[in-house]
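1. Below are the sequence and a predicted model for it; my questions follow.
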Amino acid sequence: MDAARAGFLLSTSHAVLCRAVETNDMDMLGFLLARGARVLSEDGGNALLLSISRGAKNVVQCFLQHMRADESINTLLAWKEDMVSPLAVAYDCNEPEIALQLLEAGASAVAGERSHSVLLYCISCLVDAETILAHVVLLLERGAGVDIHKAIDGETSAMTVAIERRLYEVVLVLVARQAEATSRPPSSYDARVYALARDCDDGGHMLSVLGLPSVSYAPVAGKTEPVQRIDYSAVDQSILDALLHAPPIHAMETLAITDDGTASDDWLLL
């Protein structure tokens, strides 16, 4: 190929790189990369994300092999409406094997300040529960514990998504790691975490996994009063702390619940 033709291809690398990815044309891809097309330029980055979204492991590997010393696999690239790393895109596209490729190439498990956490993408978008658990452990081993509660929208975090998806083992792992990574005790959970765990309606299982109390009152047999449950979203933080740390009788006193007189005839503590 003459120099003029090569120069034209490089000047239009976006279209050509993407076309090479779409057709799995490894010869063209290798030619462009060997002659100066940058993997993580705006153009090359788009082609890299395209290869990830298509599950083209061989193409991704080719991109990784041709990265320059001044390029970082952790560069944030435009994806949908966000700026994310290639690793986050691999999880977003349910491509765990490509995620492993990227991790082995040095991709960071810790999110940048401007993006959702990689951990969130992993838990939100991978489909198989066992695969999610394996990758969560892998990411936590690489420092992702600091992002367990990261929520740039103020609501959605790795922890809240794990609760919503009822991934009990994942939540258990997150709880175990959060103390060492963030020094965050269960009593510091916000109202959204309590509400999501309560709404699992699983007999208090999720609350228990989170290390939180499950308190409810039901009428004694023969009574007609409806079941009463403590609404954690409406409970003051100091009361929640009392529930977590005080003996049951003291917690009941804090909540102004008594077990004497008529009340003990009407309600049974579960």
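-> Alright, I've got the coordinates. Numbering: from 1, shown residues only.

2. quick one, helices of the stretch 101-250 of the chain?
-> 118-125, 129-141, 158-164, 168-182, 191-199, 205-209, 237-245, 248-254 (DSSP state H, counting those that start in this stretch).

3. Switch the ones you listed over to JSON lines; also include mean pLDDT.
-> Formatted as JSON lines, those follow (pLDDT from 0 to 100):
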{"stretch": "helix 118-125", "mean pLDDT": "97"}
{"stretch": "helix 129-141", "mean pLDDT": "97"}
{"stretch": "helix 158-164", "mean pLDDT": "96"}
{"stretch": "helix 168-182", "mean pLDDT": "87"}
{"stretch": "helix 191-199", "mean pLDDT": "90"}
{"stretch": "helix 205-209", "mean pLDDT": "92"}
{"stretch": "helix 237-245", "mean pLDDT": "47"}
{"stretch": "helix 248-254", "mean pLDDT": "42"}
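
4. right, and these - which one's nearest Ala78?
-> helix 118-125 (15.3 Å; CB to CB). C-beta coordinates here come from the backbone N, C-alpha and C atoms, glycine included.

5. tilt between the closest one and helix 129-141?
-> 180 degrees (axes from the mean of the first three to the mean of the last three CA atoms, to 10 degrees).

6. Where does pLDDT dip in the protein?
-> 1-14, 41-45, 181-187, 214-270 (pLDDT under 70).

7. Could I get the helices of the stretch 101-250 of the chain in TSV, plus columns for mean neighbour count?
-> Listed next are the helices of the stretch 101-250 of the chain as TSV, based on neighbours: other CB atoms under 10 Å:
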stretch	mean neighbour count
helix 118-125	26
helix 129-141	18
helix 158-164	25
helix 168-182	18
helix 191-199	19
helix 205-209	19
helix 237-245	16
helix 248-254	14
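
8. will you turn the ones you listed into a markdown table that also has distance to Arg68?
-> Conversion of the helices of the stretch 101-250 of the chain to a markdown table gives the following (distance: least, CB to CB, whole Å):
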| stretch | distance to Arg68 |
| --- | --- |
| helix 118-125 | 23 |
| helix 129-141 | 26 |
| helix 158-164 | 32 |
| helix 168-182 | 33 |
| helix 191-199 | 43 |
| helix 205-209 | 45 |
| helix 237-245 | 51 |
| helix 248-254 | 60 |
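
9. Start and end of stretch 75-84, how far apart?
-> Chord length of stretch 75-84, first to last residue, is 8 Å (CA to CA, to the nearest Å).
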